[in-house]
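Colleague: this is a predicted model, with the sequence first.
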Amino acid sequence: MWKYRGQERPDFAQAPGVGQESVWDYPRPPAITADSRRVEVRLGDLMIADSCRTLRILETASPPTFYIAPDDVRVELLKRCPETSVCEWKGVARYWALRDSLRSSQPIGWNYPNPNPLFEAIRGFFSFYPVLVQCFVGGERVRPQPGGFYGGWVTDEIVGPFKGDVGTSHW
């Protein structure tokens, strides 16, 4: 089904500038890379996560998703949601909402408690939806990946177009 797998950048892809990455150069299946920049997740003044120990998942056509070490997430602020979903690569995702919040039933993040073997590195790590909480990478405010469903983190270093934009469902 997938025509693009990161081996060749399509004609419609933006060319990356100096210090930038094209999501069209990311592989399929996705790659995991360590990242030591400071990553923060907040809701207003409430710090949910603060880490320099993150993993980025890089997948063709999508902005990176940052996964934060569980020791750097204030898990006591979260409560497990009943929903789950399945990623063909990572396995079954568990969703998390803010405890004691007006939006306590809306998931703001997810993790993989028992990922598929190739993604063992993200076991228990958390990621968050930048459309629902404020996420920062190296001090830059993250913009959410288009489309509502996806959890990619768009920063100035990433060029697309991205999966989730209008007209991308066939990618």
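Modeller: Structure's in. What do you need? Numbers count the residues shown, from 1 in each chain.
Colleague: any idea how far stretch 97-110 is from the chain center?
Modeller: Stretch 97-110 sits 17 Å away from the centroid of its parent chain (CA atoms, centre = their mean, to the nearest Å).
Colleague: same question for that stretch, mean pLDDT?
Modeller: Stretch 97-110 carries an average pLDDT of 85.
Colleague: buried residues, that stretch. List them.
Modeller: Within stretch 97-110, the residues scored as buried using 16 or more other CB atoms under 10 Å are 97-98, 107-110. The C-beta positions use only the backbone N, C-alpha and C, and glycine is treated the same way.
Colleague: any idea which of those is closest to residue 77?
Modeller: Using CB to CB, residue 98 comes nearest to residue 77 of these, at 6.1 Å.
Colleague: that closest one contacts residue 75, correct?
Modeller: No. Between residue 98 and residue 75 there is no contact under CB atoms under 8 Å: 11.5 Å.
Colleague: so who does residue 118 touch?
Modeller: By CB atoms under 8 Å, 6 or more residues apart in numbering, the contact set of residue 118 is 29, 89.
Colleague: do that again at 10 Å, thanks
Modeller: Neighbouring residues of residue 118 by CB atoms under 10 Å, 6 or more residues apart in numbering: 29-30, 32, 89-91.
Colleague: likewise for residue 64?
Modeller: 21, 23, 26, 30-31, 33, 35, 54-58, 137, 142, 145, 152-155, 157-158.
Colleague: sounds good, over and out.
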